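Asks: Quick one: sequence and predicted model below, then my questions.
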Amino acid sequence: MIAGLVLGLAPGFTGAGAASARTLVLDLELEDSSGEPQSAEHAERLKRVSAELRRALDAKGYDVIDDATTAGLVPPGTQIRTCNGCETDIARAAGADLVVFGAVRKISSLILWIAVAVEDVGTGRAVTTARGDIRGDNAAAWSRGVAWLVEHRLAEHAPAKR
C-alpha cells in the first residue's frame with residue numbers, strides 16, 4: 001500500500017536495460033483522512049500534478065509514455081494503491097519497463113504528503129520509493145511537492161534515454 005512508502009532503494013533495475021526503460025506514469029491518487037468535506041478541486045489538481053510529474057520525469061531522463069498511448073488502460077474506479085499489484089499488469093499492457101504511481105495523503109488542510117513508487121515491470125520490485133511532506137492543501141504546494149520529489153529523490157534513478 002502506498003501509505004507505507006518511505007524513501008528506499010531496491011538492489012537495481014533489472015528490466016529491459018537502463019537505456020531503454022519506457023516508463024508509464026499513472027495518475028496520482030488522493031488518500032484523504034482529514035474528515036474535511038471533499039473538494040471538487042482535488043480531482044483537477046490530481047490531473048494537473050500528475051501531468052507535471054510526467055513532464056518532470058521525462059525531462060530528467062525517464063522515457064515517459066505519452067497519455068494518448070495509455071488512455072483507457074486503468075479501469076474506471078481502480079485505486080492503484082490498493083489493487084494488489086495491478087499497476088504491473090497495466091504497465092505491461094502499455095509496453096512499459098517501469099511504472100510510476102503514487103498518492104497525495106491529506107491529513108488536514110495544512111498537513112499532507114506525497115508518496116511515489118517506481119517499479120520494475122519485469123520483476124515487480126521497487127526501483128525506488130520516495131515521500132515528501134507538503135504544507136497546504138493548494139495547487140502551489142502540491143506542485144512544489146512533486147517538483148521536489150523528482151529533483152531530490154527520483155531523478156537520480158532515471159534510466160538514460162536513447
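Replies: Done, it's in. Numbers count the residues shown, from 1 in each chain.

Asks: from here on, contacts and neighbour counts on C-alpha atoms
Replies: Noted.

Asks: Okay, and the beta partners of the residue positioned nearest the centre of the chain?
Replies: Centroid check for the chain by CA atoms, centre = their mean gives residue 101 as the closest residue, at 3.0 Å. Taking DSSP bridges as the rule, residue 101 bridges to residue 117.

Asks: buried ones in stretch 29-41?
Replies: Buried positions in stretch 29-41, judged by neighbour count with 16 or more other CA atoms under 10 Å: 29, 30, 31, 32.

Asks: then it to CSV, C-alphas only?
Replies: The C-alpha trace of stretch 29-41 is given here as CSV (Å, rounded to 0.1, in the frame of the first residue of the first chain):
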residue,chain,number,x,y,z
GLU,A,29,-4.4,9.4,-6.2
LEU,A,30,-5.8,11.2,-3.2
GLU,A,31,-5.9,9.5,0.2
ASP,A,32,-7.9,11.8,2.5
SER,A,33,-8.2,11.0,6.2
SER,A,34,-8.8,14.6,7.2
GLY,A,35,-12.5,14.2,7.8
GLU,A,36,-13.0,17.5,5.9
PRO,A,37,-15.5,17.9,3.1
GLN,A,38,-14.3,16.7,-0.2
SER,A,39,-13.2,19.5,-2.6
ALA,A,40,-14.1,19.3,-6.3
GLU,A,41,-10.7,21.0,-6.9
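
Asks: what mean pLDDT does stretch 33-44 have?
Replies: Regarding stretch 33-44, the rounded mean pLDDT is 93.

Asks: so what secondary structure elements neighbour the lengthiest helix in the chain?
Replies: As assigned by DSSP state H, the longest helix anywhere in the chain is helix 41-59. Of the remaining helices and strands, those touching helix 41-59 by 3 or more CA pairs under 8 Å, 6 or more residues apart in numbering; DSSP states H and E are strand 22-25, strand 29-32, strand 63-64, helix 139-149.
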